[in-house]
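In: Structure, please.
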Amino acid sequence: MKTRMVNKDFDTSFPHPLPPAKSMLEEGGRSNLAHLYRSVPLPPSAFLGGRGRGKEVKKIHGFTLIELLIVMIIISITASIAVITISANPRKQYETFATELTNTILLAEQEAMLRPATLGLGFTSHSYQFYIREQNPETHETIWSPLSQTGFKEHKFPSNMQLTLKINNEIVPPNAEPALIIPPSNDLTPFVILIGKYQEKPYYQIIGKANGEVSSEEARSEK
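Out: Numbers count the residues shown, from 1 in each chain. Coordinates of the predicted model:
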């Protein structure tokens, strides 16, 4: 009776014990043996050299150097395009400012009608501010109080920008006093606000009509 010797160092956790290599060679040659060894799944310990069994390999996630370089290149290209666009169209900031101020004046008309109250717009050489006409509770005098709401509070514009307010075709000095009056009825005194570079011809203008319509357009060159 033959007895089989069992190797105590053999890993019993191995899912599929391999048959003897000799029998595989006799049945199908080296090709069958190589195919079997490739098809049999190996335990995780086979890749860890027998160490670290039962421990999960932690994956470290992060950005590679190539990914960071790609992001930096995209940012530089975007910044270059923005600079080129601004340089190619220097009047863009004046157009944007004219549109924003026009919308703010239209919003002030709605505010005056809803309160109801009389609002005013005053200019300085570097800013504009919306006011509300109120009565002083102590002296009962009518005063102009600056509004602190977003959009109506003091707004400063670039030092190289110049605003000129014309009412009845006369230039109003920028002394910060409310010169453009916005009543609850929205009946405006016709006005024109010229916007452009300091000491140069205006690029854009805001036109206010007696019926309350306010719009912006390119300034017409005087002939």
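In: Buried residues in the longest strand anywhere in the chain, which are they?
Out: Assignment by DSSP state E gives strand 127-135 as the longest strand of the chain. Using 16 or more other CB atoms under 10 Å as the test for burial, strand 127-135 gives 128, 129, 130, 131, 132, 133. Just so you know, the C-beta spots here come from the backbone N, C-alpha and C atoms, and that holds for glycine as well.
In: Then stretch 101-115?
Out: Buried residues in stretch 101-115 (16+ other CB under 10 Å): 101, 102, 104, 105, 106, 108, 109, 111, 112, 113.
In: Give the helix, strand or coil label for the closest residue to residue 136 other than its chain neighbours.
Out: Spatial nearest neighbour of residue 136, excluding adjacent residues (CB to CB, 6 or more residues apart in numbering): residue 143 at 5.3 Å. Here residue 143 is recorded as strand under DSSP: H, G, I helix; E, B strand; the rest coil.
In: was I right about residue 143 contacting residue 131?
Out: No. Residue 143 is beyond contact range of residue 131, at 9.1 Å (criterion: CB atoms under 8 Å).
In: any weak-confidence spans in the protein?
Out: The model of the chain has pLDDT under 70 over residues 1-63, 66, 69-70, 73, 76-77, 79-90, 221-223.
In: Helices of that one, start to end?
Out: With DSSP state H as the criterion, the chain has helices at 21-28, 30-39, 65-88, 92-114.
In: For the closest residue to residue 181 other than its chain neighbours, list each beta-bridge partner.
Out: Distance criterion CB to CB, 6+ apart; nearest residue to residue 181, sequence neighbours excluded, is residue 120 at 5.4 Å. Under DSSP bridges, the beta-bridge partners of residue 120 are residue 131, residue 181.
In: Could you check how far residue 120 is from residue 127?
Out: Residue 120 is 15 Å from residue 127, where distance means CB to CB, to the nearest Å.
In: Report the backbone C-alpha coordinates of stretch 97-116 in PDB.
Out: Provided in PDB are the C-alpha atoms of stretch 97-116 (Å, rounded to 0.1, in the frame of the first residue of the first chain):
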ATOM      1  CA  PHE A  97     -20.600 100.700 -17.900                       C
ATOM      2  CA  ALA A  98     -23.300 102.500 -19.900                       C
ATOM      3  CA  THR A  99     -25.500  99.400 -20.000                       C
ATOM      4  CA  GLU A 100     -25.100  98.900 -16.200                       C
ATOM      5  CA  LEU A 101     -25.900 102.500 -15.400                       C
ATOM      6  CA  THR A 102     -28.900 102.500 -17.700                       C
ATOM      7  CA  ASN A 103     -30.300  99.400 -16.000                       C
ATOM      8  CA  THR A 104     -29.700 101.000 -12.600                       C
ATOM      9  CA  ILE A 105     -31.700 104.100 -13.600                       C
ATOM     10  CA  LEU A 106     -34.600 102.000 -14.800                       C
ATOM     11  CA  LEU A 107     -34.500 100.100 -11.500                       C
ATOM     12  CA  ALA A 108     -34.500 103.400  -9.600                       C
ATOM     13  CA  GLU A 109     -37.700 104.300 -11.500                       C
ATOM     14  CA  GLN A 110     -39.400 101.200 -10.300                       C
ATOM     15  CA  GLU A 111     -38.100 101.800  -6.800                       C
ATOM     16  CA  ALA A 112     -39.500 105.400  -6.800                       C
ATOM     17  CA  MET A 113     -42.900 104.100  -8.000                       C
ATOM     18  CA  LEU A 114     -43.200 101.300  -5.400                       C
ATOM     19  CA  ARG A 115     -42.100 103.200  -2.300                       C
ATOM     20  CA  PRO A 116     -43.600 105.800  -3.500                       C
END
